[in-house]
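Q: here is the input, now give the coordinates:
(chains A and B)
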Amino acid sequence: MIEIKGVSKKFDKYLAIDNISINIVEGIVFGLLGTNGAGKSTMLRMMSGVYKPTKGNIIIDGQDVYDNPEAKKLLFFVPDEPYYIQGGTPGDMANYYMTVYENFDKEYFFQMLEKFGLDSKRPMKTFSKGMKRQLSILLGLAAKTKYLLCDETFDGLDPVMRQAVKTLFAAELSERDFTPIIASHNLRELEDICDNVGLLHKGNIVMSQEMDMLKCNLHKLQVVLKNEADEERLYKTFDVVAGEKHGSLITLTINGNRSCIERLIADYDTVYAEVLPISLEEIFISEAKGVGYDVKKLILD
Amino acid sequence: MSKSSFWINERWNFKTRHASIILNFMVWFVLLTVVTLVSQILLKDAKTYNMAEYSAQVIYGQTILAVIVNLVIAVGMAIEAFGWMNNISQVDMYKSVPVKESARFAYINLNSFIIYVGGFLVNLLLEIVLLAVNNSMRGNVCIYLFYLLAISVASFVSSYAISLIAVFLTGNGVLAFMGGMFLNLVEMILLLMWNLAKMLFYSGYDVSDLVTENYIGLFTPVCMAANSIGHLSEERMVGYLKATFTTRMIWVDLLIILIQAVVYMALAYGLYKRRYANVAGRRIVFEMAKPVIEIAILTVAGFAAGIMMEILNGRQVAIIVIIITVVIIHVILLMIMDSKIHFDVKGIVSLVLGAGLAVLLFVYPAYDLGGFKSYVPDVSEIEGYSVIFNYDSSESYYNLADDHIEDVQSEVYLLDDVVVTDKETIKAFTDIVSEAVKNDDGKDNLYENLRVKYHLKNGRTKYREYHISEALYEKAFKVTYDNMQYRQGINALEYNRNIVEKFANEDGVSWNSAIGYYSIKKAGKHETYEKEVYEKLYEALSADMMDRSAEQVLTTVPLGRIDLNMNINEGPYRGNYVYVSQPIYSFDKRTMAIIADLHWDEMPEPDYSQITRIDIDKTHFYMEDDDEYSDQLDSVVFDDPEDIKKIVEAAYSDEVNLDENSSFYLDYNYTGTIVTGENGGLYTGIYFGRDNVPQIVLDAFNKSSKQ
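A: Residues are numbered from 1 along each chain as shown, chains lettered A, B, ... in the order given. Sure thing, here's the model as predicted:
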């Protein structure tokens, strides 16, 4: 488990991370979401031992991670802009990581390279941005570490590759003790892969929850009432997080499980009524509104 | 980190250091291998002895160049070793992998050392092979090669450690290079500027450059390497190179360099640990370091501007120029460090402090705020004093080494070892110096230079060169010369006695004694190679030298000079000699008796008929409007045979001018030239003693001035 305990990070006078505490349990895919400058990369760098927290501790499986090789053996960091040895090939990168990760699976790495159509002897400077991204993920997976920390990793991957990588993650999750932690500002990218999510905004954690729990407790209700006078009663009946009306169509984001909402709406005389699952984007908009954060700036592809 | 993974990482890091490996090897290939190859080709036809000597000289030169080259290699290698810290992508990779920071620091630096030593040693071995093939690996060559290796490696290690500090303080390669060069050279630059300032402001007052123990820096490897090369240089003799493994000062220098390396490496490690990854790409990493760096640069630049103004005779505006320079440099530094010009309290404080220090550094020597020129220690503080009067540059003092006789630099010996410790003499001497200082004897151009080294009771020494009037100079001479300790100290015959006695009964030694007279009337030279005569003259002259009084030496023109020369023609000391040349006075009774026995006092009369004419010049000193003294020459020609005879009888050959005490007894107002030969083509310079200028000469000039 990764325990983040009261962690803050200051760059001179600028407070990038402000007293964050989260636990990331093993065997899940954890999504770290946030706007640009929210502190995602800083958080990942602290989790991988690149930065030392100004305050607090980051404990990986019981060991403080900063300048601790034993803790770092458990993780592999795929940064936003990975470094590639000048004039080197994927083979050279594998050779380097073999010197520092004792479980690095060279055979797996070269198999995956072949599957992804990457030439192990081709200089990396001739690779496209997407190819470099694929390479860095493959290196991370081949290191066979328990935790894989990915910073904006899916950016630059085409949809096919994105799906392929997700498949690889799923395979690793089923085969071994593996916990990917993926930071992104793209909510839709993570929606179908993350088990847990944490939302960072301006250095603070807005929320951290299991995805299923979130989706189970928040729904969207679309309804057309026969009698417009019932509209006011509607808002009183449900725990409405957000609502809007276009013509006679009323759309409400409501706290509550599906069966409960369906039972309550049955008491109304409606032309049309449907309870819909909510998207991750909508979840965050609603949650953030609840704590006074403006998350409309989240970039949606 | 296990031992095995340390070496695995070490090997991996090695693979990323191609630039250093290649450049380092190429530099040493050129400096050691190619230079040796070329020099050996050029020396191909030299004799064996010369071959070894010249090879040692080449290696000595390589040592000097190695220290300079080391500086650039060290800075470059430090930047290459830790340049990755200026790139966030590399920081992400290297800092996230399971490697202990201390281990990473260790193996990267170990690699730098291996790369340096590897390139150096391979080429040093090639150099040795080339020397051996050419039969030059003999004698001192091995010792010089050893010092080349020791000085180079030690100075590299320390220079590299300093450069690391610059690398960790800055966030990009260019600034790191500038910082590395600055930190390595700042002491040397400051010392050079300080010495330049002393030359400018204390002109004629400072003699510290005369002594070989002169302090030329302690805190940077460049200065210390310069010290060790200086000490190595001291081991060299004219025409004969000599060095030993037991040259204590070089070992002390090397030890200091290694201590520096340890201290700077510890500082660098501290900065490395504190330089967190998030500073990658910044220009100046530590905010706290900014004002320190800025003040240091502003001070050096401002001081340099002040020195420049002094050289350009612009002391009146120097302070303004210093301030303008500091402001300009401050703006440039803002652009370099912060990419923008801004003024905040911290910046203004740095600016004011930098300007203040620069002004202080300039004003202190310029206006002698420390009282340097007028410094005379209190008698109670003085253990003894050394002084040089009318310095004779001829080398008369010798030391016996294992396989050669080495010259002792007279100035060094006289200032370091001939110490007057008698309290009354010290008191009398310092009273005279104090009077000169009080009178400000240096205010015009008519003064003598009195060079003094005070040996203080606290173990320290102070050098001064006073400007002192002629009268006080003579008083100081009298006080000192009449002290037996001083006379014993300056007696070269006594100093060299142990060497002469060692070879007294050896075969293959020649003994040459000669006298040359100063008097024109007695022109000529007697000479003998009899050992007995040498020994008799040696003993007699040494005893007479101890019996002379200051009054006698000041007022008497020597008859001439006695040369006593011992030449060793065989054995391990072959080619070495002890040569002493001393003035002889009429009151030197023992010596004069031997000269009389030898009939060396008998000389044929000169052939006056050969003299065509005598030209006498009189020098007039006068004060110009700007309070500076100038001189003007009047000339009178004497061609009457009677006048010529009178002048010749009173005149001394120009060799007398070479005598160390000639300024005491010669009258420099009247000098002349004897013109001989049918066509008047041969000239001989002549001088007269004080109060001994022929009346006809005085009359002639009196007559001339009235006209």
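Q: state the distance from whichever residue of the stretch 351-500 of chain B sits closest to chain A to residue B:366.
A: Of all residues in the stretch 351-500 of chain B, residue B:351 sits closest to chain A, at 22.0 Å by CB to the nearest CB. C-beta: built from backbone N, CA, C; applies to glycine. Noted for residue B:351: a distance of 22 Å to residue B:366, by CB to CB, to the nearest Å.
Q: which of these two has more residues huddled nearby?
A: Using other CB atoms under 10 Å in any protein chain shown, the more surrounded residue of residue B:351 and residue B:366 is residue B:351, with 23 against 19.
Q: please report the distance of the nearest residue to residue A:105 once chain neighbours are set aside from chain B.
A: The shortest distance from residue A:105 to any residue other than its chain neighbours is 5.0 Å, reached at residue A:142 (CB to CB, 6 or more residues apart in numbering or on different chains). For residue A:142, the distance to chain B (CB to the nearest CB, to the nearest Å) stands at 14 Å.
Q: can you report how many residues lie near residue B:505?
A: 8.
Q: for it, what are phi and psi?
A: When read as degrees, to the nearest 10, the backbone of residue B:505 gives phi -110, psi 20.
Q: with the one 10 residues further on instead?
A: Comment: the main-chain dihedrals of residue B:515 come out as phi -130, psi 140, following degrees, to the nearest 10.
Q: surely residue A:253 touches residue A:220?
A: Yes: between residue A:253 and residue A:220 there is a contact at 5.7 Å, judged by CB atoms under 8 Å.
Q: sorry, back to before: what's the pLDDT at the residue nearest to residue A:105?
A: At residue A:142, the pLDDT value in this model is 95.
Q: name the SS class of residue B:506, please.
A: Counting by DSSP: H, G, I helix; E, B strand; the rest coil, the backbone at residue B:506 sits in coil.
Q: and the longest strand for chain B?
A: As assigned by DSSP state E, the longest strand anywhere in chain B is strand B:611-623.
Q: that one pairs with which strands?
A: strand B:629-638 (antiparallel), strand B:666-676 (antiparallel) (DSSP bridges).
Q: do the worst-scoring helix or strand of chain B on mean pLDDT and chain A meet?
A: Lowest by mean pLDDT, DSSP states H and E among the helices and strands of chain B is helix B:3-15, with a mean of 71. Yes: for helix B:3-15 and chain A, the contact criterion (CB under 8 Å from any CB of the partner chain) is met by B:5, B:8-9, B:11-12.
Q: of those - the most surrounded one?
A: Taking other CB under 10 Å to define a neighbour, the member of the residues of helix B:3-15 next to chain A with the most is residue B:9, carrying 23 neighbours.
Q: smallest gap between the stretch 301-450 of chain B and chain A, at which residue?
A: Closest residue of the stretch 301-450 of chain B to chain A, CB to the nearest CB: residue B:338 (12.9 Å).
Q: check contacts around that residue.
A: Neighbouring residues of residue B:338 by CB atoms under 8 Å, 6 or more residues apart in numbering or on different chains: residue B:283.
Q: pretty sure residue A:261 sits against residue A:254.
A: Yes: contact criterion CB under 8 Å: residue A:261 and residue A:254 qualify, at 5.9 Å.
Q: right, and residue B:384 touches residue B:455 too?
A: Yes: assessed by CB under 8 Å, residue B:384 is found in contact with residue B:455 at 4.6 Å.
Q: overlap of the contact sets of those two?
A: Common contacts of residue B:384 and residue B:455, defined by CB under 8 Å, 6+ apart, comprise residue B:419.
Q: just the pLDDT for the residue of the stretch 251-400 of chain B found nearest chain A.
A: Residue nearest to chain A within the stretch 251-400 of chain B (CB to the nearest CB): residue B:277, separated by 4.8 Å. What the model reports for residue B:277 is a pLDDT of 78.
Q: what sits against the closest residue to residue B:635 other than its chain neighbours?
A: Leaving aside its chain neighbours, residue B:635 sits nearest to residue B:617 (5.1 Å; criterion: CB to CB, 6+ apart). By CB under 8 Å, 6+ apart, the contact list for residue B:617 reads B:633-635, B:670-672.
Q: among those residues, who's most crowded?
A: Counting neighbours by other CB under 10 Å, residue B:672 leads these with 24 neighbours.
Q: I'd say that residue and residue B:686 touch.
A: Yes: applying CB under 8 Å as the test, residue B:672 and residue B:686 come out as touching, 4.5 Å apart.
Q: using the three-state scheme, assign residue A:276.
A: Three-state call for residue A:276 (three-state DSSP): strand.
Q: can you check the pLDDT for the closest residue to it other than its chain neighbours?
A: Nearest non-adjacent residue to residue A:276, counting by CB to CB, 6+ apart: residue A:220, 4.4 Å away. Note on residue A:220: pLDDT of 87.
Q: with just CA atoms, put the one helix or strand residue A:220 maps to into PDB.
A: Assigned by DSSP states H and E, residue A:220 falls within strand A:218-225. This file holds the C-alpha atoms of strand A:218-225, laid out as PDB (Å, rounded to 0.1, in the frame of the first residue of the first chain):
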ATOM      1  CA  LEU A 218     -24.900   9.400  -8.200                       C
ATOM      2  CA  HIS A 219     -27.300   9.300 -11.200                       C
ATOM      3  CA  LYS A 220     -28.800  11.500 -13.800                       C
ATOM      4  CA  LEU A 221     -32.600  11.800 -14.100                       C
ATOM      5  CA  GLN A 222     -34.200  13.000 -17.300                       C
ATOM      6  CA  VAL A 223     -37.900  13.700 -16.900                       C
ATOM      7  CA  VAL A 224     -40.800  15.500 -18.700                       C
ATOM      8  CA  LEU A 225     -43.700  16.300 -16.300                       C
END
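Q: now the following helix or strand past it: how far from the chain's centre is it?
A: Later in the chain than strand A:218-225, the nearest helix or strand by DSSP H and E is helix A:231-237. Distance of helix A:231-237 from the chain centroid (CA atoms, centre = their mean, to the nearest Å) equals 35 Å.
Q: export helix A:231-237 to CSV, keeping only CA atoms.
A: What follows is helix A:231-237, C-alpha atoms only, in CSV (Å, rounded to 0.1, in the frame of the first residue of the first chain):
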residue,chain,number,x,y,z
GLU,A,231,-41.5,20.7,-10.7
GLU,A,232,-40.9,22.4,-7.4
ARG,A,233,-41.9,19.3,-5.5
LEU,A,234,-39.5,17.3,-7.7
TYR,A,235,-36.5,19.3,-6.3
LYS,A,236,-37.8,18.7,-2.7
THR,A,237,-38.2,14.9,-3.3
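Q: how about residues contacting that helix?
A: With contacts defined as CB under 8 Å, 6+ apart, helix A:231-237 is touched by A:223, A:225, A:243, A:245, A:250, A:252, A:264, A:267-268.
Q: which single one of those is nearest to chain B?
A: residue A:243 (43.5 Å).
Q: quick one: average confidence on stretch B:540-552?
A: Averaged across stretch B:540-552, pLDDT comes to 94.
Q: likewise for stretch B:288-306?
A: Taken as a whole, stretch B:288-306 has a mean pLDDT of 91.
Q: and the contacts of it?
A: Under the contact criterion CB under 8 Å, 6+ apart, stretch B:288-306 has outside partners B:169, B:179, B:182, B:186, B:189-190, B:193, B:284, B:318-319, B:321-326, B:329-330, B:333, B:337, B:346-347, B:349-351, B:353-355, B:357-359, B:361-362, B:366.
Q: may I see the buried residues of it?
A: Going by neighbour count (16 or more other CB atoms under 10 Å in any protein chain shown), the buried part of stretch B:288-306 is B:289-291, B:293-306.
Q: and what of stretch B:173-185?
A: Residues B:175-177, B:179-185 are the ones in stretch B:173-185 that count as buried (16+ other CB under 10 Å).
Q: list the contacts of that stretch.
A: Against stretch B:173-185 from outside (CB under 8 Å, 6+ apart): B:71, B:74-76, B:78-79, B:83, B:86, B:159, B:162-163, B:165-167, B:169-170, B:220-222, B:283-284, B:293, B:296-297, B:336.
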